[in-house]
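# Structural data only, the sequence is not supplied:
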């Protein structure tokens, strides 16, 4: 789709009705959303931790995942500082050719928060609180990692503790994401 946000509908919930609702949400966005871009911030090494557990032994069933975004207040402060930096960039003279003059920074924040980037409930006028903007728009983008960390779930040779003849060599073994598409990093692990 135009901004690729149908991915916010989890695979097992992608019914015709759910996809139609996601498309309807995107159609309600201002046209300017599709003629621009997004500046994203990444919080590397968040302090907040979540929980991952298998629901059962069926490999086709999704695990139980609790992200616990911003459960540590320092992560929320880091998000706000990152947004303040983005605001400075967007309001800079050098960036002015890339902005619509008629859209204020609060309007841009509210427009961004209205995009279906995650399944969290939305709050009106998030631009009045960068903390609320962070909470409403937080998401994990595509490259999940950390659920099978070296030293905790696998050993230094990527062998699963307590299981014979099974290795895990993918992004789940990372303590930290490389900050870019991890494809090359994962390929090197496999070698």
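Yep, it's here. A quick note: this is a predicted structure, and the numbers were derived from the prediction, not measured.

# Check whether the residue in the chain sticking out farthest from the centre sits in a helix, strand or coil.
Here the chain reaches farthest from its C-alpha mean at residue 164, the gap being 34.0 Å by CA atoms, centre = their mean. Recorded secondary structure, residue 164: coil (DSSP: H, G, I helix; E, B strand; the rest coil).

# Which pLDDT does the model give it?
At residue 164, the model reports a pLDDT of 92.

# so who does the residue nearest the centre of the chain touch?
By CA atoms, centre = their mean, the chain has its centre lying nearest to residue 140, at 2.2 Å. Contacts for residue 140 (CB atoms under 8 Å, 6 or more residues apart in numbering) come out as residue 67. All C-beta atoms are positioned from the backbone trio N, CA, C, and that covers glycine.

# Please identify which helix or strand holds it.
Residue 140 is part of no helix or strand when elements are defined by DSSP states H and E.

# same thing with residue 86?
Applying DSSP H and E, one finds residue 86 within helix 73-90.

# Show me what the very next helix or strand once past that helix packs onto, helices and strands only.
Proceeding C-terminally, helix 73-90 gives way to helix 105-114 as the next helix or strand, assigned by DSSP H and E. Contact analysis of helix 105-114 by 3 or more CB pairs under 8 Å, 6 or more residues apart in numbering; DSSP states H and E lists helix 73-90, helix 130-137 as its packing neighbours.

# Distance of residue 179 relative to residue 42?
Separation of residue 179 from residue 42 (CB to CB, to the nearest Å): 7 Å.

# With residue 26 instead?
For residue 26 relative to residue 42 (CB to CB), the value is 24 Å.

# For these two, indicate the residue with more neighbours.
Neighbours were counted for residue 26 and for residue 42 using other CB atoms under 10 Å; residue 26 has more, 17 against 9.

# pLDDT at the more buried one, what is it?
For residue 26, the predicted pLDDT is 71.

# May I ask which helix or strand encompasses it?
Under the criterion of DSSP H and E, residue 26 resides in helix 16-27.

# in that helix, what's buried?
Within helix 16-27, the residues scored as buried using 16 or more other CB atoms under 10 Å are 22, 26.
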